[in-house]
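Trainee: starting from these lines, generate the structure:
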Amino acid sequence: MALIKKDADHFEVNIKKTVDDSRDEQKTTKYSAADRKSLRVDPPVFDTIKSLAYIKDVKMYELVESAVEAYKQNTLSDREREIFDSIYQRKQS
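Mentor: Residues are numbered from 1 along each chain as shown. Okay, the predicted model is just below:
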């Protein structure tokens, strides 16, 4: 079946739905790709992180970052959180 050449000027196209092309421009990356370190995990853990990142439409390192924050807030005791914060602040300095 051949393509039929039609004169496009005779058609009036009304677009009712538009795509949301606004970007989240407030995101700022703290680190460059060269600064990021690799993390070795078992294949099932990697597949889980990859699947969750795909479902949530975020990068894998952003998902891991939010998981670590949730772990710190929900699992660590107050004393463990103080110890972690003091160690983390020393490394940042």
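
Trainee: do you know how far S32 is from I83?
Mentor: 30 Å (CB to CB, to the nearest Å). (C-beta placed from N, C-alpha, C; glycine too.)

Trainee: in terms of neighbours, single out the busier of the two.
Mentor: More crowded of S32 and I83, by other CB atoms under 10 Å: I83, with 12 against 7.

Trainee: got a list of what the most centrally placed residue in the chain touches?
Mentor: Closest to where the C-alpha atoms of the chain average out (CA atoms, centre = their mean) is V58, at 2.2 Å. V58 makes contacts with S66, as judged by CB atoms under 8 Å, 6 or more residues apart in numbering.

Trainee: so where is the chain shaky, pLDDT-wise?
Mentor: Residues of the chain that meet the criterion pLDDT under 70 lie in 1-13, 20-29, 93.

Trainee: and the helices in it?
Mentor: Taking DSSP state H, the helices of the chain run over residues 43-56, 60-74, 78-92.

Trainee: and of those helices, who's closest to K37?
Mentor: Nearest of the helices of the chain to K37, taken as CB to CB: helix 60-74 at 9.7 Å.
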